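In: sharing a model that was predicted from the sequence below.
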Amino acid sequence: MLKRDADRKKQYMAYALQKYNDDEGLAGEMHFVFDESKDEVFIIEGNMNSYEHFNFTAKQAGSTVLFFAEVIPDEGELCNVLCCKPLDSDDNGHCFGCKNQGSVDLRHPAGKSLYVGGHVDCEFPFMWDSISEDDSD
């Protein structure tokens, strides 16, 4: 089950990278090829909106580049790619979703408008600090 989950996530990253290549019209030597997964975080916020944030490396013409991708996972093996872009050395945008999940190393684009999830400071929706129930019924 863990291998299937890891394969699914790798497929999401490869799909996001393919979309980036297609959107940018990159072909031949300029085409990025998926290299290695670096970090990932699953975020649920708001009205049960779910996102996955990824950092991964891709190779282009002999050099390795760090990417950020944000996808909305699907029940199957597909996903909706919201953002996929190479990160500049000064890119380190803030994300409450990743920070609250304990992933302080996952890097984000500097422009907040480039990714959707992680801008709301909320805890995972199924965990509350205090729940009061009256068991005297």
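Out: Yes, it's here. Numbering: from 1, shown residues only.
In: show me what contacts Asn80?
Out: Going by Cβ atoms under 8 Å, 6 or more residues apart in numbering, Asn80 touches 71-72, 74. Just so you know, the C-beta spots here come from the backbone N, C-alpha and C atoms, and that holds for glycine as well.
In: cool, Thr64 as well?
Out: Thr64 neighbours (Cβ under 8 Å, 6+ apart): 35, 57-58.
In: hang on, the earlier thing: just the buried ones out of the contacts of Asn80, please.
Out: Neighbour-count burial (16 or more other Cβ atoms under 10 Å) is assigned, among the contacts of Asn80, to Val71.
In: can you redo the contacts of Asn80 as a markdown table with pLDDT and distance to Cys83?
Out: Formatted as a markdown table, the contacts of Asn80 follow (pLDDT from 0 to 100; distance: Cβ to Cβ, whole Å):
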| residue | pLDDT | distance to Cys83 |
| --- | --- | --- |
| Val71 | 94 | 8 |
| Ile72 | 91 | 11 |
| Asp74 | 79 | 16 |
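In: most neighbours out of the contacts of Thr64, which is it?
Out: Ala58 (22 neighbours; other Cβ atoms under 10 Å).
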